[in-house]
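**Q** the sequence isn't on hand, but the structure is:
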């Protein structure tokens, strides 16, 4: 009897502590099956990102309802900060940086500034600080998460769609689309979306979830336009929807 009560208690506790994720919130449409990324991959990380409760509004860094809220299918449970910094390209770099940090692949965390300067996490964590496109040793070695977030804030300050577009690899065929890919156009302003999940039918037609941040900086939102599932074959009227096209499809080097 005691073991039964304990089991029930643990079951109830798990129900209250279970986290809704991209993968659990959005089921594949009828006739489609989810395309599983490799274990431990960037794609798998994105699929398992926690979401805020259903119905949560997309908010700006100031706490106001974002202009893009009308397109919200879900809100990723990740901090936005209190400055107007984590915008579209910044959100993509944040997700990539978080993934690599959690994998302890510290040497792979690096982003180029628009000046061309390569800002790598190892230098920052080892105590170096950026000054006029060079590193200057100013602090003690610190690989803690708060230091990682200070590094990412530095990246947000000096990088953007122009620099990110240059360092991503072009995807040659839309048939190769996978979770973690990015639709991007560098510019001032430019914009980008990141693919959060991909499903496919027997005819190999693919649908996908997209996420973005925007200007001013806001929560990372999973998007919807009538449906949360987008296609490169169907025009979308979301802002910058013209970028959902094979001509703008890129990805990070693995």
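**A** Structure received. Computed from a prediction, not measured in an experiment: that's the story for all the values here.
**Q** ok, residue 34 touching residue 199?
**A** Yes - shown here, residue 34 and residue 199 form a contact pair, counting by C-beta atoms under 8 Å, at 5.2 Å. Placement of C-beta: from N, CA and C, glycine included.
**Q** who has more neighbours out of these two?
**A** Shown here are residue 34 and residue 199; by other C-beta atoms under 10 Å, residue 199 has more neighbours (19 against 15).
**Q** coming back round to it: mutual contacts of residue 34 and residue 199, please.
**A** Counting by C-beta atoms under 8 Å, 6 or more residues apart in numbering, the shared contacts of residue 34 and residue 199 are residue 28.
**Q** now the strands: where do they sit in the stretch 51-200 of the chain?
**A** Counting by DSSP state E, counting those that start in this stretch, residue ranges of the strands within the stretch 51-200 of the chain are 72-75, 110-112, 118-120, 128-130, 135-137, 169-170, 182-185, 191-200.
**Q** quick one: which of these is nearest residue 208?
**A** Closest to residue 208 of the strands of the stretch 51-200 of the chain is strand 191-200 (C-beta to C-beta; 4.8 Å).
**Q** which neighbours does the closest one have in its sheet, and in what orientation?
**A** Take DSSP bridges as the rule and strand 191-200 pairs in its sheet with strand 33-34 (antiparallel), strand 182-185 (antiparallel), strand 206-212 (antiparallel).
**Q** where in this structure is pLDDT low?
**A** Applying pLDDT under 70 to the chain flags residues 1-18.
**Q** neighbours around residue 19, how many?
**A** Look at residue 19: counted by other C-beta under 10 Å, it has 10 neighbours.
**Q** residue 52 is in contact with that one, correct?
**A** No - using C-beta under 8 Å, residue 19 is not in contact with residue 52, being 10.4 Å away.
**Q** one step back: so which of the strands paired with strand 191-200 gets nearest residue 107?
**A** strand 182-185 (21.9 Å).
**Q** name the surrounding residues that touch the closest one.
**A** By C-beta under 8 Å, 6+ apart, strand 182-185 touches 89, 92, 161, 164-165, 168, 190-195, 210, 240, 243-245, 248-252.
**Q** gap between that strand and the chain center?
**A** Distance, stretch centre to chain centre, for strand 182-185: 12 Å (C-alpha atoms, centre = their mean, to the nearest Å).
**Q** got it, and stretch 84-97?
**A** With C-alpha atoms, centre = their mean, you get 7 Å for stretch 84-97.
**Q** distance check, residue 41 against residue 166.
**A** 23 Å (C-beta to C-beta, to the nearest Å).
**Q** neighbour-wise, which of those two wins?
**A** residue 41 (17 against 12).
**Q** list the contacts of the nearest residue to that one once chain neighbours are set aside.
**A** Excluding the flanking residues, the one nearest residue 41 by C-beta to C-beta, 6 or more residues apart in numbering is residue 180, at 7.3 Å. Going by C-beta under 8 Å, 6+ apart, residue 180 touches 37, 41, 42, 43, 46, 194, 195, 251, 252.
**Q** inside strands: which ones of those residues?
**A** 194, 195, 251 (DSSP state E).
**Q** highest neighbour count among those?
**A** Using other C-beta under 10 Å as the neighbour criterion, residue 194 leads the ones in strands among the contacts of residue 180 with 26 neighbours.
**Q** quickly list what that one is bridged to.
**A** Taking DSSP bridges as the rule, residue 194 bridges to residue 182, residue 211.
**Q** hang on, it packs against residue 210?
**A** Yes - between residue 194 and residue 210 there is a contact at 6.9 Å, judged by C-beta under 8 Å.
**Q** before we move on, back to that, okay, the ones in strands among the contacts of residue 180 in JSON lines with distance to residue 113 next?
**A** Converted to JSON lines, the ones in strands among the contacts of residue 180 look like this (distance: C-beta to C-beta, whole Å):
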{"residue": "194", "distance to residue 113": "20"}
{"residue": "195", "distance to residue 113": "25"}
{"residue": "251", "distance to residue 113": "21"}
